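A.B. asks: need a structure here:
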Amino acid sequence: MVPTTKEQLRKMVTDTTVETYEELAPQLVRLIDETRHNGKLSDAEKWDEISLHMMGYVKSCTNEVLIEVLAEILGIE
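C.D. replies: I've put the predicted structure just below:
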């Protein structure tokens, strides 16, 4: 679908965002769980690692949203 209004584009981006965040969330949960149980790291190091995981998650989700929305608009498979 090629949106013809900002509202249609907003809905497309919002729907894709929700889908992408839900799709990638299990990977984030796994990384956080592994970090929490890593006995080699101090508590401060664990929080640093978890923060990095969160930033990577947001970046990955943002990239995927952009790619998916643009691909749909441009008709790219």
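
A.B. asks: If you count neighbours, what's buried in the helix or strand where V65 lies?
C.D. replies: According to DSSP states H and E, V65 maps onto helix 43-74. The neighbour-count check on helix 43-74 (16 or more other C-beta atoms under 10 Å) flags K46, E49, H53, Y57, C61, E64, V65, E68, V69 as buried. Quick note: C-beta positions are derived from backbone N, CA and C, even for glycine.

A.B. asks: Please apply the same query to stretch 17-26.
C.D. replies: For stretch 17-26, burial by neighbour count (16+ other C-beta under 10 Å) applies to T17, T20, Y21, L24.

A.B. asks: list the contacts for the second one?
C.D. replies: When contacts are counted by C-beta atoms under 8 Å, 6 or more residues apart in numbering, T20 is found next to C61, E64, V65, E68.

A.B. asks: what helix or strand is the nearest residue to the second one once chain neighbours are set aside on?
C.D. replies: Right, E64. Leaving out its chain neighbours, the residue that sits closest to E64 by C-beta to C-beta, 6 or more residues apart in numbering is T20, at 4.7 Å. Assigned by DSSP H and E, T20 falls within helix 6-36.

A.B. asks: Next, the angle helix 43-74 makes with that helix.
C.D. replies: 150 degrees (axes from the mean of the first three to the mean of the last three C-alpha atoms, to 10 degrees).

A.B. asks: average pLDDT across helix 6-36?
C.D. replies: Average pLDDT, helix 6-36: 97.

A.B. asks: Which single one of the buried residues of stretch 17-26 is nearest to P3?
C.D. replies: Nearest to P3 out of the buried residues of stretch 17-26 is T17 (C-beta to C-beta; 14.6 Å).

A.B. asks: I figured that closest one hits V65, correct?
C.D. replies: Yes: assessed by C-beta atoms under 8 Å, T17 is found in contact with V65 at 5.1 Å.
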